[in-house]
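1. Pasting the sequence and the predicted model now:
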Amino acid sequence: MTSILLFIVAFAGGALNSVAGGGSFLTFPTLLYAGVTPVVANATSALAMWPGSVSSAVAYRRELAWGPRMVVLNAASLVGGLAGAILLVRTSDTSFMRLLPWLMLLAAATFTFGGRLSPVQPSSAESSARTLWVLAGLQFVISIYGGYFGGGMGIMMLAMFAIAGMTDIHEMNGLKAVLGTTINGIAIVIFIIDRQIAWAPGLLMVVGSIIGGYVGAATARRVDRRAIRALVAAIGWTMTVYFFVKR
C-alpha cells in the first residue's frame, strides 16, 4: 500500500511540476510519512523530481540562448548546488527538522507571491555585464538553497529573471529548467556518494514522476494554471502549518 501511495504522489508531483511547480510539497512529506528519515527523504525527493527538470530542459531547448549568460549562471548553479548539498548531508535529522518549518514557509511564500514581482526595463539591465554578475550572485544563493532543500526554487529563479528584465516566459522557463537540472544534478551526486538516497522508494518515485510529468505536459494547455497554482499554494501552506505545529 505504501508503494502505491509513493507512486501516486510522485505521479502527481511530476504532473504539478510540469504545469505549475511545487511537486516537492507532495513528495517530501509523503516520504516522511513512509518512514524515511528527514535528510534522506529530502535527498530522495530531489532524486524523484530530477527527471522532470531534464525533460523540461529538453523541451525548451529551442527557446534557450546558449551564450555567456547561460555559462555564468550554470557555473553559479553548479557551485551553489554543490555547497547546499554538502550542507545538507552534514546536517543532523534533528537539526533539519528544526529548520524544516522555516524552509517550508520560505518555499510556500515564494511560490505564492514570487510571481508578483515587477521586472526592470530589459534595455537597461539585461544587456549589462554588471547585471549578469549580480544575477550570478543571486543564482549562487538560490542554488545553495536548492541544493539544501529546493522547495520553491523554480519560482525564485523566475522572479529573479523577471527583475532582471526577461520577458519571454518560454525562455525563462527553459533557463529555469536547465539551471534546476544543474543544481539538483550535482546535489544528487553528493547524496549518492554520501549514501543519503533511499533507493527502493526513490526509483519507484522516479518512474511515477516521469509518467506524471509526461501526462502533465500533454494536458497543460487544457488546464487552468491559476487553479493549479492555487491548489499547490494551499498544499504548501498546509504543510507549513503542519510542520510548525509538529515542532
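-> That came in fine, so what should we check first?
2. now the helices: where do they sit in this protein?
-> With helices called from DSSP state H, the chain shows them at 2-19, 24-33, 38-59, 68-89, 93-113, 122-125, 129-148, 153-163, 169-193, 199-219, 225-246.
3. okay if I get those as a markdown table plus mean neighbour count and mean pLDDT?
-> Yep, even glycine has a C-beta here, placed from its N, CA and C like the rest. What follows is these, written out as a markdown table (neighbours: other C-beta atoms under 10 Å; pLDDT from 0 to 100):
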| stretch | mean neighbour count | mean pLDDT |
| --- | --- | --- |
| helix 2-19 | 22 | 87 |
| helix 24-33 | 24 | 90 |
| helix 38-59 | 23 | 87 |
| helix 68-89 | 20 | 94 |
| helix 93-113 | 18 | 86 |
| helix 122-125 | 13 | 48 |
| helix 129-148 | 20 | 89 |
| helix 153-163 | 23 | 79 |
| helix 169-193 | 21 | 89 |
| helix 199-219 | 19 | 86 |
| helix 225-246 | 15 | 80 |
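4. which residues touch residue 160?
-> 135, 138-139, 142 (C-beta atoms under 8 Å, 6 or more residues apart in numbering).
5. Once you drop chain neighbours, what's closest to residue 208?
-> Nearest residue to residue 208, sequence neighbours excluded (C-beta to C-beta, 6 or more residues apart in numbering): residue 10, at 3.2 Å.
6. who's in contact with the one you found?
-> Residue 10 is in contact with 27, 48, 204-209, 212, counting by C-beta under 8 Å, 6+ apart.
7. 7 Å instead?
-> Shown in contact with residue 10 (C-beta atoms under 7 Å, 6 or more residues apart in numbering): 27, 48, 205, 208-209, 212.
8. Could you do residue 104 as well?
-> Counting by C-beta under 7 Å, 6+ apart, residue 104 makes contact with 151, 239-240, 243.
9. now residue 12
-> Residue 12 touches 26, 212, counting by C-beta under 7 Å, 6+ apart.
10. mind running it again at 6 Å?
-> Going by C-beta atoms under 6 Å, 6 or more residues apart in numbering, residue 12 touches residue 26.
11. mind checking how far it is from residue 44?
-> Distance from residue 12 to residue 44, counting by C-beta to C-beta, to the nearest Å: 16 Å.
12. swap in residue 8?
-> In terms of C-beta to C-beta, residue 8 sits 16 Å off from residue 44.
13. Likewise for residue 138?
-> 28 Å.
14. for residue 219, same thing?
-> 27 Å.
15. Repeat that for residue 190.
-> Noted for residue 190: a distance of 13 Å to residue 44, by C-beta to C-beta.
16. try residue 236
-> Distance from residue 236 to residue 44, counting by C-beta to C-beta: 19 Å.
17. again with residue 171
-> In terms of C-beta to C-beta, residue 171 sits 31 Å off from residue 44.
18. What about residue 61, how many residues nearby?
-> Residue 61 has 11 neighbours, counted by other C-beta atoms under 10 Å.
19. How about the one 4 residues further on?
-> Residue 65 sits with 11 neighbouring residues when counted by other C-beta under 10 Å.
20. Next up, phi/psi of residue 22, please.
-> Dihedral pair for residue 22: phi 90, psi 10, per degrees, to the nearest 10.
21. show me what contacts it?
-> Applying C-beta under 6 Å, 6+ apart, the residues contacting residue 22 are 16, 111, 232.
22. Check residue 239 too.
-> Under the criterion of C-beta under 6 Å, 6+ apart, the neighbours of residue 239 are 25, 29, 104.
23. wait, the first one sits on residue 235?
-> Meaning residue 25. Yes. Counting by C-beta atoms under 6 Å, residue 235 is a contact partner of residue 25 at 4.9 Å.
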